[in-house]
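K.L.:
Here is my input; please provide its structure:
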Amino acid sequence: MPDIICKLRYFPVGDVAGPAERVKKSELDATAKKYNVSIFLDEVKGKTAETQGDKLKEETMNSTIEEVTQSAVTVKSEDERAVRGAIKELIKKYRAPRTVFGTIGSNEKGKLIIDEICDVEDGWR
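P.N.:
Predicted coordinates for the structure are as follows:
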């Protein structure tokens with residue numbers, strides 16, 4: 001059976017679309033161990049990102065998704081039950097991604113799992 005790949009992309013635009021709290025590698029590692037899945041964190045600093053005080057300013061119009069500042073969390077496993085458990089835990093902790101680009105990089109099965117869990121556990125109540 002091929003791996004299920006779920007990608008959650010969080011963009012740092014504050015309370016509107018960012019995660020509920022900062023994504024921490026140590027917490028992802030604990031979730032990966034608990035569910036026996038692989039979890040990777042890719043912290044991307046955008047090619048046009050500038051910090052002005054405590055604010056991030058970034059022109060994203062002509063950028064690819066990989067060139068925009070974000071925390072991208074990837075969950076991989078062949079075990080659907082394990083992936084569902086890990087994704088549910090991550091969404092409860094960090095919320096569901098809030099942009100239309102939030103799951104780009106997931107395979108079809110991964111996207112379906114994210115969509116189903118977000119319907120119930122999106123973290124935006």
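
K.L.:
pretty sure residue 85 contacts residue 35?
P.N.:
Yes. With contact defined as Cβ atoms under 8 Å, residue 85 reaches residue 35; the gap is 4.8 Å. Just so you know, the C-beta spots here come from the backbone N, C-alpha and C atoms, and that holds for glycine as well.

K.L.:
okay, which residue of the chain is out on the far edge from center?
P.N.:
residue 53 (25.7 Å; Cα atoms, centre = their mean).

K.L.:
Lowest-scoring secondary structure element of the chain by mean pLDDT?
P.N.:
Using mean pLDDT, DSSP states H and E, strand 55-57 stands out as the lowest-scoring helix or strand of the chain, at a mean of 74.

K.L.:
contacts for that one?
P.N.:
By Cβ atoms under 8 Å, 6 or more residues apart in numbering, the residues outside strand 55-57 that reach it are 12-13, 49-51, 69.

K.L.:
among those, which ones are buried?
P.N.:
12, 49, 69 (16 or more other Cβ atoms under 10 Å).

K.L.:
Let's have these in JSON lines, adding distance to residue 79 and secondary structure.
P.N.:
Listed next are these as JSON lines, based on distance: Cβ to Cβ, whole Å; DSSP: H, G, I helix; E, B strand; the rest coil:
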{"residue": "12", "distance to residue 79": "31", "secondary structure": "coil"}
{"residue": "49", "distance to residue 79": "36", "secondary structure": "coil"}
{"residue": "69", "distance to residue 79": "32", "secondary structure": "coil"}
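
K.L.:
could you dump the residues you listed to JSON lines with distance to residue 93 and pLDDT?
P.N.:
Shown next, in JSON lines, are those (distance: Cβ to Cβ, whole Å; pLDDT from 0 to 100):
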{"residue": "12", "distance to residue 93": "17", "pLDDT": "76"}
{"residue": "49", "distance to residue 93": "25", "pLDDT": "79"}
{"residue": "69", "distance to residue 93": "21", "pLDDT": "84"}
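
K.L.:
which ones are touching the nearest residue to residue 66 once chain neighbours are set aside?
P.N.:
Closest residue to residue 66 apart from its sequence neighbours, by Cβ to Cβ, 6 or more residues apart in numbering: residue 44 at 6.8 Å. Each residue near residue 44 by Cβ under 8 Å, 6+ apart is listed here: 66-72.
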